[in-house]
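**Student:** predicted model, plus sequence, below.
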Amino acid sequence: MISRKWSLLMAVAVVFWLVIPADAGFVMVDQNGETTLISKGRIKNASEGIVWILNGPLDEVMFINDDQKTYSRGTTDEYCNSLNAIFDQMMKGVPEEQRKMMDQMMTKGKAPSRQDVSIVKLGDGVTISGYKTVKYKVLAGGELFKEIWLTLDSSLMKEYKPLIPVLKKFDSCMNRMEMKSSPENTPEYQKLWEKGFELKSVRYERGNPESETDVVQLEKKTIQESEFKAPSGYKQVSFAELMKAQME
């Protein structure tokens with residue numbers, strides 16, 4: 001027979017388990033079947049054979065190459081510095097005349113980012129995977145650039161918001177590599193990141209609609225901590241080594 005003391009301890013344990021919530025997260029699947037994990041300010045996705053993880057609270061980025069059993073990890077600044085170094089090295093191999101031409105193209109191409117960009121809230125959007133959305137349109141120079149559906153779900157935003165500073169760093173870093181700027185690089189556009197989480201977007205190029213984001217499944221789930229760590233037995237390499245391997 002179970003003693004009264006043991007029964008009391010079991011009851012307290014059950015109450016404690018019910019009161020303390022599990023570390024929840026979200027699992028998202030897009031129209032291409034790609035799965036994205038979001039939990040505690042971290043995001044994980046796989047693209048072109050490389051798994052990438054952003055950790056907002058630690059300001060850290062990690063790439064995992066399952067084929068080569070390697071991974072690279074460091075701060076966002078360290079990653080951007082490595083990217084810039086490789087870009088500068090590549091530019092050294094370009095003939096001076098061509099390099100000047102590329103510099104002019106990049107300078108001219110980035111000028112449109114200063115064009116008039118405005119965000120217009122259109123009201124309630126469609127419900128996507130059970131989540132209500134708010135629809136916005138982005139105008140660049142008075143022309144329709146993009147339509148976006150954001151969910152304002154508080155539990156999802158709690159998991160996502162710590163990522164925003166890191167995402168902005170990446171946007172600034174990657175912008176240097178582009179020959180042409182975009183309204184997405186403007187402060188006006190980036191304010192949308194604070195408003196909600198994008199579940200659907202349609203981009204307009206020369207008036208033609210093209211689907212960019214289209215979430216087909218979004219579920220709240222408990223995500224294991226191991227999902228955001230380097231796999232056991234993998235070798236750590238530098239960002240430069242990882243990038244070199246990708247270019248070969």
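**Tutor:** Happy to help now that I have it.

**Student:** ok but Ser155 is inside a helix, no?
**Tutor:** Yes. Under DSSP: H, G, I helix; E, B strand; the rest coil, Ser155 falls within a helix.

**Student:** what about it, how many residues close to it?
**Tutor:** By other C-beta atoms under 10 Å, the residues close to Ser155 number 11. Quick note: C-beta positions are derived from backbone N, CA and C, even for glycine.

**Student:** grab the nearest non-local neighbour of it.
**Tutor:** Distances taken as C-beta to C-beta, 6 or more residues apart in numbering put Lys220 closest to Ser155, at 6.7 Å, once the chain neighbours are dropped.

**Student:** what's next to the helix or strand containing that neighbour, contact-wise?
**Tutor:** Here Lys220 is covered by strand 208-222, with elements defined by DSSP states H and E. By C-beta atoms under 8 Å, 6 or more residues apart in numbering, the surrounding residues in contact with strand 208-222 are 22-31, 128-131, 146, 155-156, 198-204.

**Student:** buried ones among those residues?
**Tutor:** 25-28, 30, 128, 131, 146, 156, 198-204 (16 or more other C-beta atoms under 10 Å).

**Student:** which residues of this structure fall in strands?
**Tutor:** Using DSSP state E, the strands of the chain run over 24-30, 35-39, 42-47, 50-55, 60-65, 70-75, 117-124, 134-140, 143-151, 197-205, 208-222, 235-236.

**Student:** make TSV out of the ones you listed and add mean pLDDT and distance to Gly93.
**Tutor:** Formatted as TSV, the strands of the chain follow (pLDDT from 0 to 100; distance: least, C-beta to C-beta, whole Å):
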stretch	mean pLDDT	distance to Gly93
strand 24-30	93	37
strand 35-39	96	36
strand 42-47	91	27
strand 50-55	93	25
strand 60-65	94	25
strand 70-75	95	24
strand 117-124	95	35
strand 134-140	96	34
strand 143-151	96	35
strand 197-205	95	32
strand 208-222	94	33
strand 235-236	96	29
